[in-house]
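Asker: Have a look; sequence and predicted model below, questions after that.
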Amino acid sequence: MRLARSLSAALGLGACLAGPPAAARTLVFCSEGNPESLDPAAVTTTTAMNVVWQMFNTLVEFTPGSTVIRPGLAEAWRVSEDGRTYDFTLRTGVRFHANARFTPSRTLEAQDVLFSVLRQWKPDHPFHKAKDGFAYFRDLGLADLLEGVEAIDARTVRFRLKEPDATFLPNLAQAFAAIHSAEYAETLARDGVPDELERLPIGTGPFSFVGYRPDITVRYKGFAGYWRAPEESEPGLEPVDGLVFSITPNPAVRLAKLRAGECQVMAFPAPADLPAIEADPNLTLASKAELNVSYLALNTRKPPFDDVRVRRAMNLAIDRRAIVEAAYGAAGIVARGPLPPGLWATDTGLADIPFDRAEALQLLTEAGHADGFETDLWYPPVSRPYNPDGRRVADMIQADLARVGVRARLVTEPWSAYRAALYGGVPQAMLYGWTGDNGDPDNFLNVLLGCKAAEPGGANLARWCEADYDSAIQAARRTGDVAARTALYRHAQGIFRREAPWVPLAHTVVHMALRRSVVGFRMDPLGRHLFEGVALRDEGAETSR
């Protein structure tokens with residue numbers, strides 16, 4: 001709550017945040033949880049990324065609804081023949097937001113790009129965060145890949161790599177690569193309040209930040225100086241000029257608010273509610289097969305999961321098909337490995353993981369656990385695009401494990417504390433998941449399972465590091481040959497299956513529910529909820545919020 005008080009004091013938002021209903025052109029989105037940060041360089045969850053995507057842009061970006069790269073803040077770029085040098089030409093006239101503390105005196109320049117990269121890369125940078133503040137930058141291997149970044153002139157930025165990397169350009173389209181204002185940072189440093197770079201963020205995006213109250217709202221207003229002209233969603237309709245994320249963890253409450261017109265879009269309806277949403281004349285149901293995976297991570301640095309026989313037994317003891325049918329319904333696909341079925345490097349030849357209690361018991365006996373063992377089992381407290389009901393999934397896993405003598409204690413925490421525990425290496429076994437950030441296999445196989453990401457604070461929650469596996473995925477980054485990359489990634493998937501650091505659970509078709517007044521909203525395979533250019537038709541009193 002210190003954050004909420006700080007924001008209110010800095011911007012004078014106390015009355016605004018508790019004031020009258022939003023105007024007719026304000027869209028309210030019933031979101032599922034609090035962001036772990038307002039700094040795009042520090043976020044890893046889709047919840048937080050969707051919060052920051054409204055405010056920030058990157059040099060290159062994904063075309064909405066796809067993983068196709070298009071120009072962003074860079075209007076053009078050039079890559080050297082050896083694949084090691086990237087020159088980006090910045091757009092002219094791109095303006096930054098203003099707030100009560102800061103009014104920009106200039107438009108986007110190369111020094112803003114340098115600031116945004118160097119603060120994550122260089123430990124001696126005044127805005128660098130210790131203790132894994134930029135763990136995602138590190139997990140991607142960028143700290144080791146970059147040889148240099150420099151401003152050639154005010155509009156040209158050059159990145160020099162130590163070796164070619166096929167993932168570099170799509171990685172720059174991710175949230176961590178959003179561009180901050182170096183001038184704003186200098187102002188905050190001069191005033192002795194550098195932490196306000198995160199607490200009171202400004203970017204170049206379609207919406208500027210108004211305020212954040214944890215567990216209640218994130219508020220934005222449309223940015224009149226936005227550099228990109230909006231696409232016309234419907235003749236005569238203006239895009240929304242205000243946006244509110246109404247933080248509503250319970251899917252039933254989200255749906256009730258949507259039906260009452262208190263929000264116009266809601267995240268992740270419960271699978272059991274989908275038929276009723278489709279039948280409601282005031283609502284529409286959107287769906288998209290996202291690039292995601294849900295899994296049970298086993299901490300390989302904690303007994304008994306340091307023994308591969310125990311990890312294999314866990315895989316065999318859990319009836320994953322029954323879990324998907326019960327908790328996911330038609331939206332779920334049983335996972336065979338770490339990559340979703342729509343990704344080009346997925347090994348479609350991987351056999352299903354069998355459900356075999358007898359074999360699980362045999363492996364546990366061989367590992368010295370004939371009488372079973374005790375473990376914690378952490379489950380997420382909020383619905384996620386890859387797991388609609390963490391408690392139900394955990395209950396079913398607990399029951400399956402009990403039948404082979406594994407006594408699982410269910411544990412959860414509020415979402416931010418839950419994530420902190422997982423990234424801090426606290427649990428033995430934990431339910432989590434991932435939605436791909438760039439459509440590249442590296443974003444799953446390296447970020448979630450690579451050795452660099454197994455370091456404290458990294459996204460490799462199993463803390464698993466296997467030399468042959470890591471060698472294969474790193475070699476795949478160094479070539480642009482898709483066939484060679486595919487072969488390396490399939491080799492890595494075979495090692496993953498053999499070593500079993502996870503119990504892969506599901507991939508999902510993700511649903512969003514909308515009021516029929518919403519025009520121009522598109523779902524995205526990368527899990528982004530982008531409200532740029534979205535408009536509202538007049539729905540009378542129901543659209544007055």
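Answerer: Everything's here; your move. Just so it is clear, the structure is predicted and the values come from calculations on it, not from any experiment. Numbering: from 1, shown residues only.

Asker: Contacts for the lengthiest helix in the chain next, please.
Answerer: With secondary structure taken from DSSP state H, the chain has its longest helix at helix 482-499. For helix 482-499, the external contacting residues (Cβ atoms under 8 Å, 6 or more residues apart in numbering) are 166, 308, 311, 337-339, 344-347, 349-350, 353, 441, 445, 449, 464, 466, 468-469, 472-473, 475-476, 479, 502. Yep, even glycine has a C-beta here, placed from its N, CA and C like the rest.

Asker: so whichever helix or strand comes after it versus helix 482-499, what angle?
Answerer: The first helix or strand that comes after helix 482-499 along the chain, using DSSP states H and E, is strand 502-515. Counting by axes from the mean of the first three to the mean of the last three Cα atoms, to 10 degrees, strand 502-515 points 120 degrees away from the direction of helix 482-499.

Asker: how about strand 502-515 as PDB, C-alpha atoms only?
Answerer: Output of strand 502-515 as PDB, limited to C-alpha atoms (Å, rounded to 0.1, in the frame of the first residue of the first chain):
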ATOM      1  CA  TRP A 502       8.500 -30.800 -15.200                       C
ATOM      2  CA  VAL A 503       5.300 -32.700 -15.400                       C
ATOM      3  CA  PRO A 504       3.900 -31.000 -18.600                       C
ATOM      4  CA  LEU A 505       0.100 -30.500 -18.100                       C
ATOM      5  CA  ALA A 506      -1.700 -28.500 -20.800                       C
ATOM      6  CA  HIS A 507      -1.800 -26.000 -23.600                       C
ATOM      7  CA  THR A 508      -4.900 -23.900 -24.000                       C
ATOM      8  CA  VAL A 509      -7.200 -22.100 -26.300                       C
ATOM      9  CA  VAL A 510      -7.700 -18.800 -24.400                       C
ATOM     10  CA  HIS A 511     -11.000 -17.000 -24.200                       C
ATOM     11  CA  MET A 512     -12.000 -13.400 -23.600                       C
ATOM     12  CA  ALA A 513     -15.500 -12.200 -23.100                       C
ATOM     13  CA  LEU A 514     -16.600  -8.800 -24.400                       C
ATOM     14  CA  ARG A 515     -19.700  -6.700 -24.400                       C
END
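
Asker: if we can go back for a sec, list only those of the contacts of helix 482-499 flagged as buried.
Answerer: Neighbour-count burial (16 or more other Cβ atoms under 10 Å) is assigned, among these, to 166, 308, 311, 337-339, 345-347, 350, 353, 441, 445, 449, 464, 466, 469, 472-473, 475-476, 502.

Asker: what are the phi and psi values for residue 275?
Answerer: Main-chain dihedrals, residue 275, degrees, to the nearest 10: phi -60, psi -40.

Asker: just residue 247 next, same as before
Answerer: Torsion angles, degrees, to the nearest 10, at residue 247: phi -80, psi 110.

Asker: gap between it and residue 29?
Answerer: 10 Å (Cβ to Cβ, to the nearest Å).

Asker: Check residue 326 too.
Answerer: For residue 326, the distance to residue 29 (Cβ to Cβ) stands at 29 Å.

Asker: between the two, who's got more neighbours?
Answerer: residue 29 (26 against 16; other Cβ atoms under 10 Å).

Asker: Per-residue pLDDT of residue 442, please?
Answerer: Here, the pLDDT recorded for residue 442 equals 96.

Asker: That one and residue 473 touch, don't they?
Answerer: Yes: if you go by Cβ atoms under 8 Å, residue 442 and residue 473 touch, sitting 6.8 Å apart.

Asker: Show me the common contact partners of residue 247 and residue 29, please.
Answerer: Common neighbours of residue 247 and residue 29 (Cβ under 8 Å, 6+ apart) do not exist.

Asker: Surely residue 160 touches residue 82?
Answerer: No: under the criterion of Cβ under 8 Å, residue 160 is not in contact with residue 82, lying 10.7 Å apart.

Asker: Of the two, which one has the most company?
Answerer: residue 160 (14 against 9).

Asker: Tell me who's in contact with that one.
Answerer: For residue 160, the contact set (Cβ under 8 Å, 6+ apart) comprises 84, 85, 146, 147, 148, 149, 150.

Asker: which residues does the second one bridge with?
Answerer: So the one you mean is residue 85. Counting by DSSP bridges, residue 85 is bridged to residue 160.

Asker: Fine, thanks again, bye for now.
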